[in-house]
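Asker: here's my sequence, what's the structure:
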Amino acid sequence: MGVLDRITGPRDLRDLSGPELDELATEIRDFLVRKVSRTGGHLGPNLGVVELTLALHRTFDSPTDRIVFDTGHQAYVHKILTGRAAGFDLLRQEGGLSGYPSRAESEHDVVENSHASTSLSWAIGIAAGRQLRGEAHRHTVAVIGDGALTGGMAWEALNNIAANPDLPLVVVINDNERSYAATTGGMADYLASLRATRGYESVLDWGKRSLNRTPIVGKRMYATAHGLKKGIKDIVSPQGMFEDLGLKYLGPIDGHDLDTLETALRRARDFRGVVLVHVLTEKGHGYDPATADEIDRFHAVKAINPETGLPLEVASREWTDEFSDELVALGAQRKDIVAITASMLIPVGLLPFADRYPARVFDVGIAEQHAVTMASGLSFAGMHPVVAVYATFLNRAFDQMLMDCALHRQGVTFVLDRAGVTGSDGASHNGMWDMSVVGIVPGVRLAAPRDGAQVRRALREAVDIDDGPSVLRFPKGSVAEPLEAVGTDGDLDVLRECDGDPEVLLVGVGSMAGLALQVADKLSAGGHQVRVVDPRWVLPVSDSLLHAAGRAQAVAVIEDNILEGGIGSRVTQALSRKGGAGPGVPVWCYGIPQQFLDHASRAQILEQVGLTPDQVATSLADRLRG
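Answerer: Predicted structure coming up:
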């Protein structure tokens, strides 16, 4: 039996010897590589925090003490140590473990969402609440990466934490020089300076030993030198920024040395106030294929060969690739096009553009709000910014899109990757709110391409819009097979025509166009006259679509957005305002219910919410008969 087999909870770690802990760290890394290589998931970040997580659970008493992980993709080791190792066979799969902390799984988990830079706000809230309840003996620990520290929300929280120095709160900076890829910006440079100057504590220890041995005046000299502590720190280890905020700073600490980690964490725990512990870790530590991967150190992998780290399947062409290639082509033709990313250069497809035009890419860190307002400024200065983010992260920058971009009629193109159901990434990553959120912005135009060719076409049209925000959204995964239009009707692409006026006009929004065609096949086999259209630009609702709706007995809109405020509801509202022909036409909406969706495959979730050809066709056939 290995050491890991004996771990059922954090308290089992307390009595382990040093050699046993070393063996446990090795077993955990082997376990992670073996399990994650089969299911896919966040491998690199978790390989880097094995010793740190062991030290945290040996020092603090979870769940009496609370450990809050920022961007929980670094919480796999925490899951293993809190009794969930058996669940890794179904990691990120229906009925299995979430890829992030989950309160439904364990009393040891706190923050379920995977949006970065939130842990410090959670932690100060928990610590302050406990203090008010007379529970100041219970510690709160926030584990935040150096990448997440680039987010503005983290600095808002640090400012607030500095005003409450007596809280029993420990902030652990897991500094691996990376968020997804290498961390960039002023914060990254500052932490790099701390990493490069480890000498402060050793200098102070030397001074104490040497001066205390000096007869008569030695102790007085040491007291004077200790009084100059701040000046010495500025010279030897420039952590002054944190201490200027009133935060006690410990570090940098070797994040793979358990003894050193535990010593530092015990000092922080016993300080009886706010302490910041700066821990240096290596992303992918202990697994050669990960540490050799300079791009992202196996941040997130699909199924791989655990021996070589190579993928088991040849990667297919994805939606993101279509956008990426077209943006590079546009960059050659238009010198005014620039790109902005919020620390996601690789996953949103901007790396090829950055390689070709490095001066025209801005990685602002995990700061979507700043990204959008900066884009508005770039637009004002005569550039056309393309802001590429995951659809779920646009939620963070809604105010800036509304008040900085749209209000000032700045030409900014937003490219929303991973729109709709993303599946295994879980509730916080589904991009199912964007069309509802964007739809209330005055003057916005939103395109939902149905295939790769339409991604390219829509991007070219979007960057020609210079009097307000334009939005382009597409899903995660392999790009859809090309769907050729059989004709056009004003602004609409007609994907299936029928004889005469249709019983039902099927409106396929974006990637749902293929589903709409499958539904049409099933209804036509039942003798119904069905017409299928793709509006391409779904916001604002076009006159062409309203005219086409007025010719049908009924309209059905199929979208991968929540129903409330989605495209179906916009079509309903537009028809009711239109007057004359059309207002009496019923609009039947098929989309995602207003609820958080548990992790599963995209296909499983679409079936759960009723977005399969059989389910939609059966529903429509019943309605047409009724």
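
Asker: can you give me the strands in the stretch 351-500 of the chain?
Answerer: In the stretch 351-500 of the chain, the strands defined using DSSP state E, counting those that start in this stretch lie at 361-363, 384-390, 413-417, 445-447, 470-473, 487-489, 492-496.

Asker: pLDDT wise, what is residue 289 at?
Answerer: In this model, residue 289 is scored at 88, pLDDT.

Asker: output the below-cut-off pLDDT ranges for the stretch 101-250 of the chain.
Answerer: 178-241 (pLDDT under 70).

Asker: show me where it has its strands.
Answerer: 140-145, 169-175, 248-254.

Asker: so which of the ones you listed comes closest to residue 378?
Answerer: strand 140-145 (27.7 Å; Cβ to Cβ). Every residue, glycine included, has its C-beta placed from N, CA and C.

Asker: any regions of the stretch 501-626 of the chain where pLDDT drops low?
Answerer: 579-583.

Asker: let me see the ranges of the strands in it.
Answerer: 504-508, 530-534, 537-539, 554-562, 587-592.

Asker: residue 531 touches residue 508, doesn't it?
Answerer: No. Under the criterion of Cβ atoms under 8 Å, residue 531 is not in contact with residue 508, lying 11.1 Å apart.

Asker: so the two - more neighbours on which side?
Answerer: residue 508 (28 against 24; other Cβ atoms under 10 Å).

Asker: now do the contacts for that one.
Answerer: 450, 495, 514-517, 532-534, 558 (Cβ atoms under 8 Å, 6 or more residues apart in numbering).

Asker: what's next to the longest helix anywhere in the chain, contact-wise?
Answerer: Ranked by residue count and defined by DSSP state H, the top helix of the chain is helix 18-39. Helix 18-39 is contacted by residues 2-4, 7, 13, 16, 42-43, 46-47, 50-51, 54, 76-77, 80, 85, 88-93, 258-259, 285-287, 301, 303-306 when judged by Cβ under 8 Å, 6+ apart.

Asker: need the contact list for the spatially most central residue of the chain.
Answerer: Centroid-nearest residue in the chain: residue 115, 5.0 Å away (criterion: Cα atoms, centre = their mean). Taking Cβ under 8 Å, 6+ apart as the criterion, residue 115 is in contact with 71, 392-393, 396, 428.

Asker: what do you get for residue 247?
Answerer: If you count contacts by Cβ under 8 Å, 6+ apart, then residue 247 has 158, 161-162, 165, 171, 274-276 around it.

Asker: for the longest helix of the chain, what is the average pLDDT?
Answerer: pLDDT averaged over helix 18-39 gives 95.

Asker: what comes up buried for that helix?
Answerer: Using 16 or more other Cβ atoms under 10 Å as the test for burial, helix 18-39 gives 21, 24-25, 27-29, 31-33, 35-37, 39.

Asker: before we move on, what about stretch 136-145?
Answerer: Neighbour-count burial for stretch 136-145 [16+ other Cβ under 10 Å]: 138-145.

Asker: what's the closest of these to residue 472?
Answerer: For the buried residues of stretch 136-145, the closest approach to residue 472 (Cβ to Cβ) belongs to residue 145, at 29.5 Å.

Asker: quick one: the nearest residue to that closest one once chain neighbours are set aside from residue 339, how far?
Answerer: With sequence-adjacent residues excluded and distances taken as Cβ to Cβ, 6 or more residues apart in numbering, residue 145 is closest to residue 174, at 4.9 Å. The gap separating residue 174 from residue 339 is 28 Å, by Cβ to Cβ, to the nearest Å.

Asker: residue 567 now?
Answerer: 27 Å.

Asker: neighbour count for the two, which is higher?
Answerer: residue 567 (28 against 24).

Asker: got the contact list for that one?
Answerer: Per Cβ under 8 Å, 6+ apart, neighbours of residue 567: 435, 439, 448, 507, 509, 538-539, 541, 557, 559, 561.

Asker: and if we set it to 7 Å?
Answerer: 435, 509, 538, 557, 559, 561 (Cβ atoms under 7 Å, 6 or more residues apart in numbering).
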